[in-house]
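Chemist: A predicted structure for the sequence below; I have some questions about it.
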Amino acid sequence: MKSYLHGFAYFGKVGTAVDCVVHDISDSGARLKFLAVPPIVETIELHIPSKGLVHRASVIWRAADEIGVNFVESSTASVRSLDENGVIRREGRDRLGD
């Protein structure tokens, strides 16, 4: 039985969260499905609340409302937080860079 995870993808340095469903997750990457075609970018940040993780990821393929990503760097979600609108609010030193 396959399981799916709810995630939030961030496109750009400080962007609004875009809901996605995380499929086929592994230590090295995942397939993400969106309700609409996602923006065309080279990298994203993926927050998976149920796992308490934030992954910086490279987009390696696109197909309509899905993208495949390769995880570049990971951190615990505690280094970041979201405001009431789902926008990333950085706190202290962020291991994901910037």
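Modeler: That came in fine, so what should we check first?

Chemist: For the chain, which segments count as strands?
Modeler: Assigned by DSSP state E, the strands in the chain fall at 5-10, 18-23, 29-33, 43-48, 53-63, 66-76, 80-82, 88-90.

Chemist: Point out the other helices and strands that the fourth one packs with.
Modeler: I take that to be strand 43-48. If contacts are counted by 3 or more Cβ pairs under 8 Å, 6 or more residues apart in numbering; DSSP states H and E, strand 43-48 sits against strand 5-10, strand 18-23, strand 53-63, strand 66-76. Just so you know, the C-beta spots here come from the backbone N, C-alpha and C atoms, and that holds for glycine as well.

Chemist: could these be laid out in TSV, adding mean neighbour count?
Modeler: Listed next are those as TSV, based on neighbours: other Cβ atoms under 10 Å:
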stretch	mean neighbour count
strand 5-10	20
strand 18-23	18
strand 53-63	17
strand 66-76	17
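
Chemist: what's the closest of these to Leu35?
Modeler: strand 18-23 (6.9 Å; Cβ to Cβ).

Chemist: Pull up the pairing partners for the closest one, direction included.
Modeler: Applying DSSP bridges to the sheet, strand 18-23 is found paired with strand 5-10 (antiparallel), strand 29-33 (antiparallel).

Chemist: mind checking how far the longest one is from the chain centre?
Modeler: In other words, strand 5-10. Relative to its parent chain, strand 5-10 has a centroid offset of 5 Å by Cα atoms, centre = their mean, to the nearest Å.

Chemist: got it, and stretch 3-23?
Modeler: Offset of stretch 3-23 from its chain centre (Cα atoms, centre = their mean): 4 Å.

Chemist: ok so, going back, in CSV, list the strands of the chain along with mean pLDDT.
Modeler: Below are the strands of the chain laid out as CSV (pLDDT from 0 to 100):
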stretch, mean pLDDT
strand 5-10, 96
strand 18-23, 96
strand 29-33, 96
strand 43-48, 93
strand 53-63, 94
strand 66-76, 87
strand 80-82, 53
strand 88-90, 53
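
Chemist: and the helices and strands packed on strand 43-48 as JSON lines, adding distance to Arg31?
Modeler: Listed next are those as JSON lines, based on distance: least, Cβ to Cβ, whole Å:
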{"stretch": "strand 5-10", "distance to Arg31": "11"}
{"stretch": "strand 18-23", "distance to Arg31": "4"}
{"stretch": "strand 53-63", "distance to Arg31": "9"}
{"stretch": "strand 66-76", "distance to Arg31": "5"}
